[in-house]
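> Structure, please.
(one chain, ligands or ions: 1)
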Amino acid sequence: MRLLVTGGAGYIGSHTCKALAASGHLPIAYDNLVYGHPWAVRWGPLEIGDLADRKRLDQVIQHYRPEGVIHFAAYAYVGESVKDPGKYYRNNVAGSLNLLEAMRDHGIPYLVFSSTCATYGVPERIPIPESHPQRPINPYGQSKLMVEQILRDFQVAHGIRSISLRYFNAAGADPDGEIGEAHDPETHLIPLVLEVAGGQRPHITVFGEDYDTPDGTCIRDYIHVTDLAQAHVLAIEALASGRPIQPAYNLGNGQGFSVKEVIATAAAVTGRQIPMQMGARRPGDPPRLVGDAGAIFRDLNWKPLYTDLAEIIQTAWRWHQKRPYFGKAKPSVS
Ligand code: UDP
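Below is the predicted model of the structure:
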């Protein structure tokens, strides 16, 4: 299939382009390059454009005539979304609406949407099933939930069929070392910890050790980016085949690791010291997020290949050692 991949130059988007190409599809990356990287687009064309630019979207769609869309393009910094919600609603919600209207007008019938466990808010039970109430506690999660709702309405009104994939914590890098995580600014635990291991930062700050968890630090479900990518391939193929599917699936490993466990595992994998400092809780962090991904195992035959945290961190470390800043103190980092 020819597939438009919005945000195809980003972290999960670029890994998905690679997985799509490996399954015989042509990924057409559509990215405004605000956070994406041209070097990450290697398995199909890169078309630079914004979701807000309907004319540009029309032009790209007319040129390639994609048969489906995989939609990653979004802002994804939780803290920023609290400070600047308008930016998130405009880009993530209004941008998705533009895309969906373009799909409607050009008769593109399928979409896989990059959603998040942040749509659940503070969980009532662990592991979290898809039927769990969705009460996001920040504008980022709210913006993703709004798009899930819009997708349901577009299916009824315009017949656009979609699957929302609710990711837990995406982690790791392409096992071949071709692409990996490169956010700027970096806010995620594993890459930050690896920057400490690599000598780019003096220490990692642990955001709270007074949570109601065994070691007092937050527990998350880390899922390898290549496993996430493969789920998108299965999802778009399931939509195209007309198989019965759920509107949304969780993507997680079903296993939780605390912040301190991640740091200890990274120290073992890298063989480096990782100094920690205890800090305050980060607002909006639920104590535990662990997903039940049984439904996508069952319906789409998805099975994560990377269930071992050390192996996930190992792929990230291999990528990290190839980065330009490796071994040097990063400017403006304390
Ligand atoms: N975290 C931390 N120090 C950091 C960055 C993150 O202690 O410098 C914690 C954070 O509070 C959360 C976990 O690590 O409990 C994972 O955070 P991340 O930002 O990687 O992903 P999120 O869970 O926010 O999607």
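> ok, which residues in the stretch 201-334 of the chain are in contact with the ligand?
Ile204, Thr205, Val206, Phe207, Cys218, Arg220, Val259, Arg282, Asp285 (Cβ under 6 Å from any ligand atom). In this view, the C-beta of every residue, glycine as well, is placed from N, C-alpha and C.
> Now with 5 Å, please.
Val206, Phe207, Cys218, Arg220, Val259, Arg282, Asp285 (Cβ under 5 Å from any ligand atom).
> among the residues you listed, which are in helices?
Among those, the residues falling in helices (DSSP state H) are Val259.
> Format the residues of the stretch 201-334 of the chain next to the ligand as JSON lines; extra columns: distance to Lys322, pLDDT and neighbour count.
What follows is these, written out as JSON lines (distance: Cβ to Cβ, whole Å; pLDDT from 0 to 100; neighbours: other Cβ atoms under 10 Å):
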{"residue": "Val206", "distance to Lys322": "27", "pLDDT": "98", "neighbour count": "22"}
{"residue": "Phe207", "distance to Lys322": "28", "pLDDT": "97", "neighbour count": "17"}
{"residue": "Cys218", "distance to Lys322": "29", "pLDDT": "97", "neighbour count": "25"}
{"residue": "Arg220", "distance to Lys322": "25", "pLDDT": "98", "neighbour count": "25"}
{"residue": "Val259", "distance to Lys322": "26", "pLDDT": "98", "neighbour count": "25"}
{"residue": "Arg282", "distance to Lys322": "29", "pLDDT": "90", "neighbour count": "13"}
{"residue": "Asp285", "distance to Lys322": "30", "pLDDT": "87", "neighbour count": "17"}
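> Just name the closest of the residues of the stretch 201-334 of the chain next to the ligand to His63, please.
Arg220 (40.4 Å; Cβ to Cβ).
> Distance of the residue nearest to His188 when sequence neighbours are not counted relative to Trp43?
Leaving aside its chain neighbours, His188 sits nearest to Glu181 (7.2 Å; criterion: Cβ to Cβ, 6 or more residues apart in numbering). For Glu181, the distance to Trp43 (Cβ to Cβ, to the nearest Å) stands at 18 Å.
> who's in contact with the closest residue to the ligand within the stretch 151-300 of the chain?
Relative to the ligand, the nearest point of the stretch 151-300 of the chain is Cys218 (3.0 Å; Cβ to the nearest ligand atom). Counting by Cβ atoms under 8 Å, 6 or more residues apart in numbering, Cys218 makes contact with Phe207, Gly208, Tyr211, Ser258, Val259, Asp285, Pro286, Pro287, Arg288.
> Which positions in stretch 150-158 come out as buried?
Judged by neighbour count (16 or more other Cβ atoms under 10 Å), stretch 150-158 contains these buried residues: Ile150, Leu151, Phe154.
> The first one in helix, strand or coil?
Reducing the assignment at Ile150 to three states with DSSP: H, G, I helix; E, B strand; the rest coil gives helix.
> Give me every residue in the stretch 51-200 of the chain lying close to the ligand.
His188, Leu189, Leu192.
> so what's Leu26 bridging to?
Arg2 (DSSP bridges).
> same question, the one 4 residues further on
The residues paired with Tyr30 through beta bridges, assigned by DSSP bridges, are Thr6, Glu47.
> if we can go back for a sec, just the closest of the residues of the stretch 201-334 of the chain next to the ligand to Arg161, please.
Of those, the one sitting nearest to Arg161 (Cβ to Cβ) turns out to be Arg220, at 30.9 Å.
> Who are the contact partners of that closest one?
Phe168, Asn169, Leu189, Gly256, Phe257, Val259, Val262, Arg288, Leu289, Val290.
> Inside helices: which ones of those?
Leu189, Val259, Val262.
> Tell me the helices and strands packed up against the lowest-mean-pLDDT helix or strand in the chain.
The weakest-scoring helix or strand in the chain, judged by mean pLDDT, DSSP states H and E, is helix 78-83 (a mean of 91). Where contact means 3 or more Cβ pairs under 8 Å, 6 or more residues apart in numbering; DSSP states H and E, helix 78-83 is packed against helix 85-88, helix 139-158.
> then the shortest one to CSV, C-alphas only?
C-alpha atoms of helix 85-88 as CSV (Å, rounded to 0.1, in the frame of the first residue of the first chain):
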residue,chain,number,x,y,z
PRO,A,85,-2.8,24.3,25.9
GLY,A,86,-3.8,26.4,22.9
LYS,A,87,-0.7,25.1,21.0
TYR,A,88,-1.8,21.5,21.7
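> buried stuff in that helix?
Tyr88.
> relative to helix 139-158, how tilted is the next helix or strand after it?
Next helix or strand after helix 85-88 toward the C-terminus (DSSP states H and E): helix 95-106. Between helix 95-106 and helix 139-158, the angle comes out at 20 degrees (axes from the mean of the first three to the mean of the last three Cα atoms, to 10 degrees).
> Tell me which residues are up against helix 95-106.
6, 50-52, 54, 57-58, 61-62, 65, 69, 71, 73-74, 108-109, 111, 113, 147, 150-151, 154, 158, 160.
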